[in-house]
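After the sequence you'll find the predicted model.
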Amino acid sequence: MSGNNLEMMEALQALAVDKGISVDDLLAALADALESAYKRTPGAYEYSWVTLDPDTFDIRVYAQDLDEDGEPTGDELDVTPDDFGRIAAQTAKQVMMQRIREVERDMKYEEYAGREGDIVTGMIQQSDQRYTLLDLGRVEALLPQAEQVPYERPEPNSRVKAYIVEVRKTAKGPQIVVSRTHPGLIKRLFELEVPEIADGIVEIRACAREPGHRTKIAVWSNDSNVDPVGACVGARGARVRMVVNELKGEKIDIVPFSDDAADFVMKALSPARVKEVRIHEDTGTAEVIVPDYQLSLAIGKEGQNARLAARLTGWRVDIKSETQLAEEAAYQTDDWAQGEWIIDPGSGEQMWQPADGTPAMTAEQWSQLGAEQAEAEGAEGDTPEGEAAEAGIAATPADDEPAAEATGDEAATETPADDEPAAEATGDEAATETPADDEPAAEAAGDEAATETPADDEPAAEAAAETAESDAPVDEAAAETVEAVEADASDDEATS
């Protein structure tokens, strides 16, 4: 190996170490560069190639003639020039540098092509309204605006962790797209902070995230002796605190995973306390019943807690309070008119289409039908009331007759009974105590009885008459009673 070849070999080895490229790749690039340089020399063969001996670093150029069809023919000729010249050397340099850049791009792409879904740490270089550039060392990563956390301002020269979403191969090299909002970022951060997740003892079964606000993860333990929630939280929350700090204060809820759908939905709605969960598999809905004072907590701010629980469990979550459930149950028991308002395509009028399939009717017909039904209901309601009123009117005289009869009987029996003893007593007293000589006294007593008895009986007669007059219609029994009272009064006067 000559001195020049030795120096070139040492230069290639140094370049390979600097660029991180193997010596064989550099030798292939050098051979291509020398071939391009030879073809630039005057009188060069069209079909030629360059060989390099990696041990002696001997460079040779061989060529062959071409026939009419463009196929090589004849013997191989050694056409190695003594000097390529300035232009050929410049061409060799350009080709050499281009091949080195291509090899570097391929190596960078191969390095990150298999790392999609991995987490990387980069330094923020440049930020604008469209994207932010992260320096990953040998390559740059692109953080689009859509993959950035809302209201999170990237600070230049600050280190952040990002999730590799896509690796594209372009003419200028690999383009690595990273994200700060992907749910996979949460899983990778917990893998870095929780050894049990990295070892496979604890698994993150589901993750739901609203970047910058709140995240819910469901964890499962493959070892019954390991608490999955406690392993992720750490001593005094040390492990989860590191993840929260990396996410700039984003809140994280850690819930245990369950194969029972109702139990999983109940735990996913924590910190709210759920009373009952009803799973409707036909509609994919989970109906959640909570106490009235837990309704706002279960829904969350602007429905955030319910949305995250739905994403975490895969069920459509319908949250109801106990009061709402009772109102719906009462609502379903009521009878409602079934049908809908439609537009007639021909006339454009609004029509009522009953649910039973009967022909549609106009608004006027519907109103008339409603009025007829109301009148029919009113007529049905008036009939019992009218019968009751008539029965009440008819019952009034029947109720009053016993009273009138009683009044008449009392007047007929009690009045003479009271008056006759009084008259007899008066007569006896007059007959016994008053001798014949005392006739004036007897006459006085008789006159007094004659004057006082009618006076006592007349108010009773008037009261009975008033009672009879107050009863409508006038009872014949009451009238007879009045006549009996007057007759008794006349008998008393005659007796006196």
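All right, it came through fine.

Rounded mean pLDDT for the lengthiest strand in the chain, please.
Scanning the chain for the strand with the most residues, using DSSP state E, yields strand 159-170. Strand 159-170 shows a mean pLDDT of 90.

contacting residues around that strand?
109, 112-113, 115-124, 134, 141, 143, 147, 154, 174-180, 182, 184-185, 188-189, 246 (CB atoms under 8 Å, 6 or more residues apart in numbering). For the C-beta atoms, the positions are set from N, CA and C on the backbone; glycine is no exception.

so how far is the very next helix or strand once past it from its chain's centroid?
Counting by DSSP states H and E, the next helix or strand C-terminal to strand 159-170 is strand 173-179. Distance of strand 173-179 from the chain centroid (CA atoms, centre = their mean, to the nearest Å) equals 37 Å.

who are the neighbours of strand 173-179, in terms of helices and strands?
Counting contacts by 3 or more CB pairs under 8 Å, 6 or more residues apart in numbering; DSSP states H and E, strand 173-179 packs against helix 85-113, strand 140-144, strand 159-170.

at 10 Å what do you get?
The contact analysis (3 or more CB pairs under 10 Å, 6 or more residues apart in numbering; DSSP states H and E) places strand 173-179 against helix 85-113, strand 119-127, strand 131-135, strand 140-144, strand 159-170.

now the helix or strand just after that strand against strand 173-179, angle please.
Under the assignment DSSP H and E, the closest C-terminal helix or strand after strand 173-179 is helix 183-193. Going by axes from the mean of the first three to the mean of the last three CA atoms, to 10 degrees, helix 183-193 is angled at 90 degrees with respect to strand 173-179.

elements contacting helix 183-193?
Packing partners of helix 183-193 (3+ CB pairs under 10 Å, 6+ apart): strand 119-127, strand 159-170, helix 195-199, strand 202-210, strand 214-221, helix 228-233, helix 238-246, strand 251-256.

Would you point to the one among the ones you listed that's packed deepest?
Neighbour counts (mean count of other CB atoms under 10 Å) averaged over each of the helices and strands packed on helix 183-193 peak at strand 214-221, with a mean of 21.

how far does it sit from the chain's center?
Per CA atoms, centre = their mean, the centroid offset for strand 214-221 relative to its chain is 20 Å.

Specify the angle between it and helix 238-246 in degrees.
Angle of strand 214-221 versus helix 238-246, following the same axes, to 10 degrees, is 150 degrees.

which helices and strands sit right next to strand 214-221?
Against strand 214-221 (3+ CB pairs under 10 Å, 6+ apart) you get helix 183-193, helix 195-199, strand 202-210, helix 228-233, helix 238-246, strand 251-256, helix 261-268, helix 304-313.

Just the buried subset of the contacts of strand 159-170, please.
Buried members of the contacts of strand 159-170, counted by 16 or more other CB atoms under 10 Å: 109, 112, 119-120, 122, 124, 134, 141, 143, 147, 154, 174-180, 182, 184-185, 188-189, 246.

Can you give the strand pairings for the longest strand of the chain, parallel or anti for each?
Under the criterion DSSP bridges, strand 159-170 sits next to strand 119-127 (antiparallel), strand 173-179 (antiparallel) in its sheet.

any chance of those strands in JSON lines, with distance to Ile319 and mean pLDDT too?
Formatted as JSON lines, these follow (distance: least, CB to CB, whole Å; pLDDT from 0 to 100):
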{"stretch": "strand 119-127", "distance to Ile319": "35", "mean pLDDT": "88"}
{"stretch": "strand 173-179", "distance to Ile319": "31", "mean pLDDT": "89"}
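
Output the ones you listed as CSV; include the columns distance to Tyr293.
Below are those laid out as CSV (distance: least, CB to CB, whole Å):
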stretch, distance to Tyr293
strand 119-127, 42
strand 173-179, 39
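
Between those strands, which one is closest to Leu52.
Taking CB to CB, strand 173-179 is the member of those nearest to Leu52, at 27.2 Å.

pull the CA atoms of the closest one into CSV?
Only the C-alpha atoms of strand 173-179 are listed here, as CSV (Å, rounded to 0.1, in the frame of the first residue of the first chain):
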residue,chain,number,x,y,z
GLY,A,173,-34.2,12.9,5.6
PRO,A,174,-36.6,11.3,8.1
GLN,A,175,-39.4,13.4,9.4
ILE,A,176,-40.4,12.5,12.9
VAL,A,177,-43.8,13.6,14.1
VAL,A,178,-44.3,13.7,17.9
SER,A,179,-47.3,14.5,20.1
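
quick check: angle from that strand to helix 85-113?
If you take the same axes, to 10 degrees, strand 173-179 sits at 30 degrees to helix 85-113.

just the angle between strand 173-179 and strand 140-144, please?
Here the directions of strand 173-179 and strand 140-144 differ by 40 degrees (the same axes, to 10 degrees).

Could you tell me the angle between strand 173-179 and strand 131-135?
Inter-element angle recorded for strand 173-179 and strand 131-135: 110 degrees (by the same axes, to 10 degrees).

The helices and strands packed on strand 173-179 into CSV, with extra columns for distance to Ala309?
CSV is the format used below for the helices and strands packed on strand 173-179 (distance: least, CB to CB, whole Å):
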stretch, distance to Ala309
helix 85-113, 36
strand 119-127, 26
strand 131-135, 32
strand 140-144, 29
strand 159-170, 23
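
do you know which of these lies nearest Leu12?
Closest to Leu12 of those is helix 85-113 (CB to CB; 9.9 Å).

which one is Ile124 nearest to, not counting chain neighbours?
Of all residues not flanking Ile124 in the chain, Pro154 sits nearest, at 4.8 Å (CB to CB, 6 or more residues apart in numbering).

doesn't Gln129 make contact with the one you found?
No: taking contacts as CB atoms under 10 Å, Pro154 lies outside contact range of Gln129: 11.8 Å.

list the contacts for Gly303?
Gly303 sits next to Ala310, Val317, Ile319 when contact means CB atoms under 10 Å, 6 or more residues apart in numbering.
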